[in-house]
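Student: Give me coordinates for this.
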Amino acid sequence: MGALEGIHVLDAASMMAGPYCATLLGDMGAEVIKLEPPQGDETRRIGPRKGSESGVFVGVNRNKRSVAVDLRTEQGKEVLSELVQWADVIVDNLRPAARARYGLDHQSLSAQNPRIVSVSLSTFGADGPYAGRPGIDPVAQALSGLMAVTGFSDSGPLKAGPPVGDAVASLLAAFGAMSAHGSRPASRRLFDRRFDSYSGALHGSIFSAGNATTTYRQQHRLVRAVQRIRLFGWALGARRLL
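Tutor: Numbering: from 1, shown residues only. Below is the predicted model of the structure:
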């Protein structure tokens, strides 16, 4: 018997940041239903395979049942409405405009289920100068400085192998979802929580920040300038992939 047994989670996210949050809640006993487009989640088509199954998809989406839905159709909207009323927690990683278009924004959700906990993940969060911009984990790693503390002294900034920003953001989101759900009986209102991969990457690099800062300050100003150029070059290069 898991700690979250009896809790219903609707996973309306794709790829990793979002789905992995719902998976962690499922690991602790929650019942999770994953919404997928008719062609299936993107992770079904990447990574190592065993037969028709993607190892990436299975690893990120264990403990779930899937429903294929086209949210652009009236039938898809009806299915979504029923699932929103069923759910205690809903997880998405859509940008604000898409959330509103599919009826997953705060106003739409509260009208259907005032006590649902809404958890939304993105690359840059809900406010600030980069809010609403598209992005992927390597962009978060570059802009957060995580790449600057990865690799060797003569290699320049390097991307960490795993998607550290997405993974840590998912952990923070699962923690936030449980905290919000635990305080829900007293408040009787919708909780809307936002998390981002950029902050996740910052959390991932915090234990190295002190050493990196000390080394950085001891270097000649020309060397420091070259390192800054390399770091922002990684970030700009990652942006051009979007």
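
Student: Going by C-alpha atoms from here, please, whenever you check contacts or count neighbours.
Tutor: OK.

Student: Just give me the neighbour total for the residue nearest to Gln112 when sequence neighbours are not counted.
Tutor: Take Gln112 and drop its neighbours on the chain: the residue closest to it by C-alpha to C-alpha, 6 or more residues apart in numbering is Gln85, 6.3 Å away. Number of residues near Gln85 (other C-alpha atoms under 10 Å) recorded here: 14.

Student: Ok, Tyr130 next?
Tutor: Going by other C-alpha under 10 Å, the residues that sit close to Tyr130 add up to 12.

Student: That one and Phe124 touch, don't they?
Tutor: Yes - with contact defined as C-alpha atoms under 8 Å, Tyr130 counts as touching Phe124 (5.9 Å).

Student: Buried residues in the longest helix belonging to the chain, which are they?
Tutor: Using DSSP state H, we find that the single longest helix of the chain is helix 164-187. By 16 or more other C-alpha atoms under 10 Å, the buried positions in helix 164-187 come out as 164-174, 176-177, 180-181, 184.

Student: And the helices in this structure?
Tutor: Under DSSP H, the chain gives helices at 19-27, 55-60, 74-86, 96-101, 106-112, 137-144, 164-187, 197-218, 221-240.

Student: C-alpha coordinates for the second one, CSV please?
Tutor: So the one you mean is helix 55-60. Extracted as CSV, the C-alpha positions of helix 55-60 are listed here (Å, rounded to 0.1, in the frame of the first residue of the first chain):
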residue,chain,number,x,y,z
GLY,A,55,12.9,1.9,-23.0
VAL,A,56,12.7,5.7,-22.6
PHE,A,57,8.9,5.7,-22.6
VAL,A,58,8.6,2.8,-20.2
GLY,A,59,11.1,4.3,-17.8
VAL,A,60,9.5,7.7,-17.7
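
Student: other SSEs contacting it?
Tutor: Contact partners of helix 55-60 among helices and strands, from 3 or more C-alpha pairs under 8 Å, 6 or more residues apart in numbering; DSSP states H and E: helix 19-27.

Student: could you give me the average pLDDT of the helix it packs on?
Tutor: In this model, helix 19-27 carries a mean pLDDT of 95.

Student: quick one: that helix to helix 164-187, angle?
Tutor: 50 degrees (axes from the mean of the first three to the mean of the last three C-alpha atoms, to 10 degrees).

Student: Any chance you could list what contacts helix 19-27?
Tutor: 2, 4, 9-13, 32, 60-64, 91-92, 167, 170-171, 173-174 (C-alpha atoms under 8 Å, 6 or more residues apart in numbering).

Student: in it, what counts as buried?
Tutor: Under 16+ other C-alpha under 10 Å, the buried positions of helix 19-27 are 19-27.

Student: For the protein, which helix or strand comes out least confident on mean pLDDT?
Tutor: helix 221-240 (a mean of 46; mean pLDDT, DSSP states H and E).

Student: re the thing from before, which one of the buried residues of helix 19-27 is nearest to Val69?
Tutor: Set against Val69, the nearest of the buried residues of helix 19-27 by C-alpha to C-alpha is Pro19 (16.1 Å).
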